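A.B. asks: Next one to model:
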Amino acid sequence: MGKDRLLIVEDDTDISNMLRIYFTGQDYEVDTALRGSQALEKARQNLPHLIILDILLPDIDGFEVCRNLRTNARTSHVPIIFLTQKDERTDRLQGLELGGDDYVTKPFDIEELKLRVQRAIVRAGQLSLTDPRSGLPSGRLIEEQLRRIIRSDGWSYVDVRIKHFDVFNDMYGFVAGDNVIRFTAMLVSEVVDELGSVNDFIGHAGGGNFIIITTKEASPSIIKRIKERFEKEVLSHYSFIDRGQGYIITKGPDGQDQKTALMTLVVGEVSSSQYEFADIREITERAAEARRQSD
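C.D. replies: Sure, this is the predicted structure:
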C-alpha cells in the first residue's frame with residue numbers, strides 16, 4: 001500500500017520544515033504550502049489524505065482555506081487538522097463549524113499530533129470516505145455526488161475501468177497493482193484539472209474502477225485524453241519483455257499458456273440529456289452497460 005499524503009499549510013518555515021522532516025520520517029508523503037492560495041492549488045492537483053492547516057496565513061486565513069476545500073467537490077472529504085497560536089473557544093468552534101476535523105494549539109506535542117493525524121485518516125477510511133490506495137473519494141461520497149446530480153442538469157457521469165487489471169495484478173503482484181491504481185488516479189486528476197473544472201468530481205469505486213462527474217461539454221475531450229495517455233504511460237509498469245511483445249503470458253484454466261493484452265481503459269458515459277433518472281442506481285447501471293458495450 002502506498003504512503004498516506006499530508007499537506008502541511010504553515011507560513012512559519014521552521015515549523016513547516018520540522019513537520020515535513022518528522023512526518024517524512026514516519027513514512028508519510030509530505031508536501032508543504034506557505035500560503036492559503038498555494039494550499040488550495042496543491043490540494044486540487046495532488047489530493048492529500050489529510051491537511052494540517054495553520055489558521056494565521058499571510059494571504060487568506062485557514063478558515064477561508066477550509067471553506068474553499070469543503071465547497072469543492074474534489075476536496076470536500078479531506079480531513080483537516082487546524083493549527084493555531086491561541087486556544088480560544090471561538091476559533092475552535094469556527095473551525096469545527098466549517099468542517100474541520102480536529103484542532104491543535106501551538107506549541108504542540110509532535111507525538112500527540114501524529115496520533116491525531118493517524119486517527120483522522122483511519123476514521124475517514126472506516127467511514128468509506130476514501131480509498132486507501134488512491135486517496136480518492138469512494139463509497140458514501142460517490143453516492144452523495146450521485147444524489148446531488150440527479151436533481152440537476154448538464155452533467156455527464158463517466159465510468160472508467162482498467163481492462164486486464166486483474167490479470168496484471170495476479171501476474172505482477174499487489175504492490176505493482178497498487179502502483180497502477182495510484183498512477184491512474186493521478187492521471188485522471190491531471191486530465192480533469194486540464195480539461196474540466198474545479199467543480200468536477202473524481203471517485204474510486206474500487207479495484208480498477210474510477211468515476212468522473214463533469215459537464216456534457218467537457219466529457220468527450222476528457223475521455224479521449226485519459227484513454228490516450230493511459231495507453232502510453234501504463235507501459236512503464238510492465239517489464240521490458242512484456243512491453244516489447246505487447247502482451248503478457250499467463251496460464252489458462254487448462255494449464256496452457258495464453259496471451260493477455262496490456263492494460264487499457266474502457267469507458268462508459270451517461271448524461272442528464274440522455275435519460276430521466278429516478279434513482280442513482282440507474283445512473284451507475286446505465287453507465288456500466290455503456291462501458292461493457294464499448295469494450
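
A.B. asks: in the stretch 51-200 of the chain, what spans have low per-residue confidence?
C.D. replies: The model of the stretch 51-200 of the chain has pLDDT under 70 over residues 86-99, 126-128.

A.B. asks: Now do the helices in it.
C.D. replies: 62-71, 89-97, 110-126, 139-149, 165-172, 174-195 (DSSP state H, counting those that start in this stretch).

A.B. asks: Tell me which of those sits nearest to Ala287.
C.D. replies: Comparing the helices of the stretch 51-200 of the chain against Ala287 with CB to CB, the closest turns out to be helix 139-149 (10.4 Å). Where you see a C-beta, it was placed from the backbone N, CA and C, and this is true even at glycine.

A.B. asks: Take the helices of the stretch 51-200 of the chain and lay them out in TSV including distance to Gly36.
C.D. replies: Below are the helices of the stretch 51-200 of the chain laid out as TSV (distance: least, CB to CB, whole Å):
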stretch	distance to Gly36
helix 62-71	4
helix 89-97	14
helix 110-126	20
helix 139-149	24
helix 165-172	38
helix 174-195	19
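
A.B. asks: Generate a markdown table for these, with mean neighbour count as supplementary columns.
C.D. replies: A markdown table is the format used below for these (neighbours: other CB atoms under 10 Å):
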| stretch | mean neighbour count |
| --- | --- |
| helix 62-71 | 20 |
| helix 89-97 | 13 |
| helix 110-126 | 15 |
| helix 139-149 | 17 |
| helix 165-172 | 17 |
| helix 174-195 | 18 |
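
A.B. asks: looking at these, which is closest to Phe240?
C.D. replies: Phe240 lies closest to helix 165-172 among the helices of the stretch 51-200 of the chain, at 13.4 Å (CB to CB).

A.B. asks: ok, residues contacting the closest one?
C.D. replies: Here helix 165-172 makes contact (CB atoms under 8 Å, 6 or more residues apart in numbering) with Ala176, Gly177, Val180, Gly207, Gly208, His237, Ile248, Thr250, Thr260, Met263.

A.B. asks: can we see that at 7 Å?
C.D. replies: For helix 165-172, contacts defined as CB atoms under 7 Å, 6 or more residues apart in numbering pick out Gly177, Val180, Gly207, Gly208, Ile248, Thr250, Thr260, Met263.

A.B. asks: Which among these count as buried?
C.D. replies: Using 16 or more other CB atoms under 10 Å as the burial test, the contacts of helix 165-172 include Gly177, Val180, Gly208, Ile248, Thr260, Met263 as buried.

A.B. asks: just so I know, which of the helices of the stretch 51-200 of the chain lies nearest Ile202?
C.D. replies: Of the helices of the stretch 51-200 of the chain, nearest to Ile202 by CB to CB is helix 174-195, at 5.7 Å.

A.B. asks: C-terminal to the closest one, what's the next element?
C.D. replies: Next in sequence after helix 174-195, counting helices and strands by DSSP states H and E, comes strand 201-206.

A.B. asks: now, which of the buried ones among the contacts of helix 165-172 sits nearest Ser272?
C.D. replies: Gly208 (26.3 Å).
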